[in-house]
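# Sequence isn't available, so here's the structure alone:
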């Protein structure tokens, strides 16, 4: 891109503590709103997140952003500009694989980076407040907008709109746009929000969804609702394996396994990609499935649903048809050994790879 523009792409997200639906820590630049008495008094700024990996280059890796400083609303744009300028002037231009902001922050350290941001901004910045993201709302189903109208979060499995003999995703979207004409927003979880719905149209929208053979949100399992996948084959030239077309079948099997164990109501993230580039953010999911070779995947576990912890490799080169079978011993142990309301991701992170390997090595009765 030359010396004038940024070395590579640059992603920005805004979140609030009780709703990290934007996965703020996976972005180059993030703003976590700090709220006091119902008012946003400022933001904790994060820098250096990104999940892309080049399989042939060990110098590349996923990274969650670092917390840098607190800014007031009046300072936010100026500090964002300073962050961009530091990446512009110091980001790596000699190696495209490491030209993202995350590598600059990783190599130089957050204190070095903060110092240069303060120089470009023109003043010192205070440390972050303790406020951090604590929850993730996918915004599916009905919710009041606060203006007397409603929005409906419509779960689109893996973001794939298609029509077949059983379900008509494209057709229902045309129906709703033609008959109700809502504002439409896209979510970071590959789904849609139909906004500005009048109260009188709520039942009409639901009936339109059902008429096309599609489920309402309350009819979707948590495993399916909280799963996403990249497009992979045949759309993406980088893909090694299937992803968006394969994950529904994996979830079919996983639903049965979880139901047999009495875990069908558990809430955890499953994310699949057709290659290690990580477009569906598998590296901070509770279960990440990453295409590694034809028909085979690397299984990651131990990430956090709220997006604040990276997962680790549990098994490599697992055939698609064996993914759920490979995870089943962990589900069984999780049910028996979890602490209180501990999530599946937290359980795997607590045990670590050695602990999980011990479970897998234990013969079942």
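Received, thanks. What you see is a predicted model, and the numbers here were worked out from it, not measured in a lab.
# Return the backbone torsion pair for residue 163.
Here is the backbone geometry of residue 163 (degrees, to the nearest 10): phi -120, psi 130.
# nope, residue 26 is what I meant
When read as degrees, to the nearest 10, the backbone of residue 26 gives phi -90, psi 0.
# Which residue is the nearest non-sequential neighbour of it?
In space, residue 26 comes closest to residue 49 once its chain neighbours are excluded; the distance is 4.8 Å by CB to CB, 6 or more residues apart in numbering. Heads up, the C-betas are built off the backbone N, CA and C, glycines and all.
# Run a quick neighbour tally on the one you found.
Residue 49: 26 surrounding residues under other CB atoms under 10 Å.
# Over to residue 341?
Look at residue 341: counted by other CB under 10 Å, it has 6 neighbours.
# how much space between it and residue 51?
The gap separating residue 341 from residue 51 is 27 Å, by CB to CB, to the nearest Å.
# Now residue 183. Nearest residue, chain neighbours left out?
Closest to residue 183 by CB to CB, 6+ apart is residue 195, at 4.1 Å.
# and the one you found, how far is that from residue 176?
Separation of residue 195 from residue 176 (CB to CB) stands at 12 Å.
# Surely residue 288 is in a strand?
Yes. Assessed with DSSP: H, G, I helix; E, B strand; the rest coil, residue 288 lies in a strand.
# for this protein, which helix is longest?
Determined from DSSP state H, the single longest helix within the chain is helix 344-361.
# Could I get the full set of helices for the stretch 101-250 of the chain?
Secondary structure of the stretch 101-250 of the chain (DSSP state H, counting those that start in this stretch): helices located at 101-108, 110-121, 169-179, 202-211, 222-225, 247-260.
# Serialize these to JSON lines and add fields for distance to residue 281, mean pLDDT and mean neighbour count.
Conversion of these to JSON lines gives the following (distance: least, CB to CB, whole Å; pLDDT from 0 to 100; neighbours: other CB atoms under 10 Å):
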{"stretch": "helix 101-108", "distance to residue 281": "14", "mean pLDDT": "98", "mean neighbour count": "21"}
{"stretch": "helix 110-121", "distance to residue 281": "22", "mean pLDDT": "98", "mean neighbour count": "17"}
{"stretch": "helix 169-179", "distance to residue 281": "22", "mean pLDDT": "97", "mean neighbour count": "16"}
{"stretch": "helix 202-211", "distance to residue 281": "27", "mean pLDDT": "97", "mean neighbour count": "14"}
{"stretch": "helix 222-225", "distance to residue 281": "16", "mean pLDDT": "97", "mean neighbour count": "20"}
{"stretch": "helix 247-260", "distance to residue 281": "14", "mean pLDDT": "98", "mean neighbour count": "18"}
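# Export those helices to TSV and append columns for distance to residue 10.
What follows is the helices of the stretch 101-250 of the chain, written out as TSV (distance: least, CB to CB, whole Å):
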stretch	distance to residue 10
helix 101-108	7
helix 110-121	14
helix 169-179	31
helix 202-211	37
helix 222-225	31
helix 247-260	29
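# Out of these, flag the one nearest residue 135.
With CB to CB as the measure, helix 222-225 is the member of the helices of the stretch 101-250 of the chain nearest residue 135 (15.0 Å).
# Can you name every helix or strand that the closest one contacts?
helix 247-260 (3 or more CB pairs under 8 Å, 6 or more residues apart in numbering; DSSP states H and E).
# now what about the helix it packs on, what contacts it?
Helix 247-260 has contacts (CB atoms under 8 Å, 6 or more residues apart in numbering) with 157-158, 221, 223-224, 227, 229, 264, 266, 270, 272, 289, 320, 323-324, 327-328, 331.
# need the next SSE after it, C-terminal direction.
Past helix 247-260, further along toward the C-terminus, the next helix or strand under DSSP states H and E is strand 270-273.
# Identify the neighbouring strands of that following strand in the sheet and state each direction.
Sheet pairing of strand 270-273 (DSSP bridges) gives strand 227-229 (parallel), strand 287-293 (parallel).
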